[in-house]
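Visitor: Build me a model from this:
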Amino acid sequence: MEDQRELPEVSEHAETRLAYARAVGARLRAVRHQTGLSLMDVEAMSNQEFRQSVLGSYERGDRAITVPRLQRLARIYDVPIDQLLPPEHTSFAARPVSGDEADGLLRSGREQRLKVSIDLPKLRAGSGPERELLRRFLEMIQLQRQDFNGRMITIRGGDLHIIACILGITPDAMDRRLDDLGLRVDFYAS
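Guide: Below is the predicted model:
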């Protein structure tokens with residue numbers, strides 16, 4: 001007689017929890033990679049709170065992370081905690097936004113080609129209303145792009161144009177102002 005044991009059924013709730021844990025894990029790994037950190041780096045930065053094996057199991061979705069630990073990990077990565085979670089409007093899969101979609105508008109001519117890389121640590125080190133406005137605007141771009149490398153951000157000509165309009169100057173003047181403030185990392189045309 002054949003062994004007719006039934007395999008236990010996996011509930012829909014359990015499948016949903018597993019899918020969500022995997023999606024959170026994928027976000028954890030993506031943000032860690034964007035920040036340029038290895039599992040070993042995170043272990044060292046956290047004074048061994050986040051052991052490589054445990055963080056790896058979170059990233060694979062094998063283990064669920066608690067909210068307090070998620071908060072501490074967000075502090076280590078220097079990102080808002082919600083960026084470690086999958087977007088609500090997806091079925092647990094984060095889709096990176098890129099190109100003109102990220103910038104929201106099609107740009108023409110010089111604006112589309114002009115790109116400026118800004119040194120974020122230098123921006124944070126200074127003070128004043130102009131730098132504060134620029135810092136807040138760039139943080140919005142980082143959130144939209146989900147780009148948290150923390151060292152620099154490359155903005156498009158359209159973004160530079162928006163910043164210039166907010167400050168009441170021309171885009172060319174804004175371009176020069178970034179040089180005056182010592183915030184430019186790189187300038188190139190694609």
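Visitor: Skip the chain neighbours and tell me the closest residue to residue 45.
Guide: Among residues not flanking residue 45 along the chain, residue 76 sits closest, at 5.4 Å (CB to CB, 6 or more residues apart in numbering). In this view, the C-beta of every residue, glycine as well, is placed from N, C-alpha and C.
Visitor: What average pLDDT does the helix or strand harbouring that neighbour get?
Guide: Element membership of residue 76, judged by DSSP states H and E, is helix 67-77. Helix 67-77 carries an average pLDDT of 91.
Visitor: Flag every buried residue along it.
Guide: 69, 70, 72, 73, 74, 76, 77 (16 or more other CB atoms under 10 Å).
Visitor: Same check on stretch 30-48?
Guide: Applying 16+ other CB under 10 Å to stretch 30-48 flags 30, 31, 32, 34, 35, 37, 39, 42, 43, 46 as buried.
Visitor: Stretch 16-24 now?
Guide: Applying 16+ other CB under 10 Å to stretch 16-24 flags 20, 21, 22, 23, 24 as buried.
Visitor: sorry, back to before: what's the helix holding residue 76 in contact with?
Guide: The contact list for helix 67-77, computed with CB atoms under 8 Å, 6 or more residues apart in numbering, reads 28, 31-32, 35, 37, 42, 45-46, 49-50, 65, 80-81, 83-84, 148.
Visitor: cool, and stretch 165-182?
Guide: Residues contacting stretch 165-182 (CB under 8 Å, 6+ apart): 111, 114, 116, 118-119, 122, 126, 130-131, 133, 137, 157, 160-161, 163-164, 184.
Visitor: No more questions from me, cheers.
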